[in-house]
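Visitor: sequence and predicted structure below; questions after.
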Amino acid sequence: MFDFNSYKVRVSPSMLSVGSVIRPDAVLELCTSVIDADLCAFGYGVSDMLSDNLAWVITSVTVDILKPLTRCCELTAKTRPMCARGTFVCREIVLYDNDAECIHSYITSVLFDTKKREIVHTAPPSFSLESLSTKGFPRRQRITCPLTCHASREIQNCDLDCIGHVNNSRYAAFAYDLLSTEKLDKIHEMNSFYISFKHELKKESTLLLEYGETCREFCVKGTEDSEVSFEVIFEFGLPDQISETK
């Protein structure tokens, strides 16, 4: 088991919504910046790996929001690689505000060949993935609420990252942009979100977005040419409401 490494990150004004609550895409941005900082410390940062046509691409995100972040502030972030199967690696990231845990997340990534646009099944020995447990991956979640609304979205230049496909935080932004007024008014009650990344999107992509909501969930499925690209589940509920449903 690897120990946690600690870093500092900061919530900026651009990460907050109109109600001064951090957006889910900004939460993901903070978590992935911590991962990159940790990889950079060992010589495996994004720029280092891209020189070898390699990158870690996210396949799923599980985030628990224990306390909503409602101001610009500095946070302490701790991260560690937790488990691996082949080149699929799950990392644990914990964000602390004034020593109180506020966000706990698990992000699963896979090693990707950016030139061939395919998964790399054998990692270099220096990655030491064989020393990680094969158990501990978060459970997969599925959309169960009915998706009754539709929208379309064209991928723009600002959605792309240095790998040439849609940046992982943008998927959370796509879902956030579809939130109803009722859910936006309750953004401080968002207690968790889950994203499953199924198929990479590039600039020429046009997304069909299907979405729906219940009192506790807001769900989005994005498809391109009938192929599912991603699924998002936002969960809402105050602590006392959550405990009543368990």
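Guide: Thanks, I have it. Numbering: from 1, shown residues only.

Visitor: name the nearest residue to Pro227, ignoring sequence neighbours.
Guide: For residue 227 the amino acid is Glu, not Pro. Once flanking residues are discounted, Glu227 sits nearest to His199: 5.5 Å by C-beta to C-beta, 6 or more residues apart in numbering. The way it works is simple: take the backbone N, C-alpha and C, and place the C-beta from them, glycine included.

Visitor: repeat for Ala26
Guide: Leaving aside its chain neighbours, Ala26 sits nearest to Met15 (3.5 Å; criterion: C-beta to C-beta, 6+ apart).

Visitor: avg pLDDT for stretch 213-230?
Guide: On average, the pLDDT along stretch 213-230 is 96.

Visitor: over to stretch 68-76?
Guide: Average pLDDT, stretch 68-76: 96.

Visitor: mind saving the C-alpha coords of it as CSV?
Guide: The C-alpha trace of stretch 68-76 is given here as CSV (Å, rounded to 0.1, in the frame of the first residue of the first chain):
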residue,chain,number,x,y,z
PRO,A,68,-19.7,22.1,0.0
LEU,A,69,-16.9,24.5,-0.8
THR,A,70,-18.4,28.0,-0.8
ARG,A,71,-15.4,30.4,-1.0
CYS,A,72,-12.0,30.9,-2.5
CYS,A,73,-9.6,29.2,-0.3
GLU,A,74,-6.5,27.0,-0.1
LEU,A,75,-7.0,23.3,0.5
THR,A,76,-4.8,20.5,1.6
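
Visitor: just give me how far that stretch sits from the chain centre.
Guide: For stretch 68-76, the separation from the chain centroid amounts to 18 Å (computed by C-alpha atoms, centre = their mean, to the nearest Å).

Visitor: do stretch 206-215 as well
Guide: On C-alpha atoms, centre = their mean, the centre of stretch 206-215 falls 18 Å from that of its chain.

Visitor: in which helix or strand does Thr32 reside?
Guide: Per DSSP states H and E, Thr32 falls inside helix 24-41.

Visitor: by contact count, what packs against that helix?
Guide: strand 5-11, helix 46-50, strand 54-65, strand 73-85, strand 88-97, strand 100-113, helix 168-176, strand 190-197 (3 or more C-beta pairs under 8 Å, 6 or more residues apart in numbering; DSSP states H and E).
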